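In: sequence first, predicted coordinates after that:
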Amino acid sequence: MAALWPASAQAADCRALTHEGAEFTICEIDAGTEVIRLFHSTPEGEVLGSFPRVDQMLRDRGERLGVAMNAGMYHNDLGPVGLYVEEGQQAMRLITSKGPGNFGLLPNGVFCIRDGRADVIESLAFEAAAPDCRYATQSGPMLVIDGALHPRFLPDSDSVHVRNGVGTSADGQRVVLAISDERVNFYTFGTLFRDTLKLPNALYFDGKVSRLYAPGSGRHDRGFPMGPIVGVVEDATD
């Protein structure tokens, strides 16, 4: 299958960052010039589950996987917990009801990728607006909602994990993937996006399966198979 968007020649910029005394790695992506996609299964329906398998699938098309990260929670069969859209085809519906775990810690949200932009949108706002996302993954909780921190986050919370997520600018052009390099609570992770990265909306991806693939930096976090994966697609000939 040929690429439907022109592959990016510019690699996402990843760097180390310190916030509130904790260490993070962030990867800046320009949604206007770089190709951002979500991956879950092969055309035959087999779950990809890992960065190397996504990369191999892309290389068969003359492309390669640039910066990538796990992109949302999933069931034991690796199926997405909430809304999932790939190449315009919806594989799982939007869930707006309160539920167990971090996903159900409302408000949660959707990472929506459209031609030339990408946005984190709170789930009820997403339902009302019904944007035409070419790719979308739902996760939760929201970390930052229109510039405000999630109301349930506490500065002194002792619930700490390695965490990862995504934030977007108001114009949908700046996308930042972030992962903590040590265990942090939700408050510290949320304020990273709000106060240091200055992003008005940010979404939590996970805290037990947080992984980053950044070949330009020599980083490849490994582990058990994953569900949805977000990544930048590059031209393999560059």
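Out: Perfect, thanks for sending it.

In: quick one: residues contacting the nearest residue to His40 once chain neighbours are set aside.
Out: Among residues not flanking His40 along the chain, Pro228 sits closest, at 5.3 Å (Cβ to Cβ, 6 or more residues apart in numbering). Just so you know, the C-beta spots here come from the backbone N, C-alpha and C atoms, and that holds for glycine as well. Contact analysis of Pro228 by Cβ atoms under 8 Å, 6 or more residues apart in numbering lists Leu38, Phe39, His40, Asn70, Ala71, Gly72, Tyr74, Pro80, Tyr84, Thr137.

In: what do you get if the cut-off is 6 Å, keeping everything else the same?
Out: Residues in contact with Pro228 (Cβ atoms under 6 Å, 6 or more residues apart in numbering) are Leu38, His40, Ala71, Gly72, Pro80, Thr137.

In: how many neighbours does Asp171 have?
Out: 10 (other Cβ atoms under 10 Å).

In: shouldn't it be within a helix?
Out: No. Per DSSP: H, G, I helix; E, B strand; the rest coil, Asp171 lies outside any helix segment and is coil.

In: how much space between it and Tyr74?
Out: 30 Å (Cβ to Cβ, to the nearest Å).

In: strands - which of the contacts of Pro228 land there?
Out: Among the contacts of Pro228, DSSP state E puts Leu38, Thr137 in strands.

In: out of the contacts of Pro228, which is nearest to Phe186?
Out: When the contacts of Pro228 are ranked by distance to Phe186 (Cβ to Cβ), Gly72 comes first, at 16.6 Å.

In: might one say that that closest one is in contact with Ser139?
Out: Yes. Assessed by Cβ atoms under 6 Å, Gly72 is found in contact with Ser139 at 4.1 Å.

In: overlap in contacts, these two.
Out: Contacts common to Gly72 and Ser139, judged by Cβ under 6 Å, 6+ apart, are Phe205.

In: leaving out chain neighbours, which residue sits closest to the residue nearest the centre of the chain?
Out: Nearest to the geometric centre of the chain sits Ala71, at 4.1 Å (Cα atoms, centre = their mean). Counting by Cβ to Cβ, 6+ apart, Val230 is the residue found nearest to Ala71 once chain neighbours are left out, at 3.8 Å.
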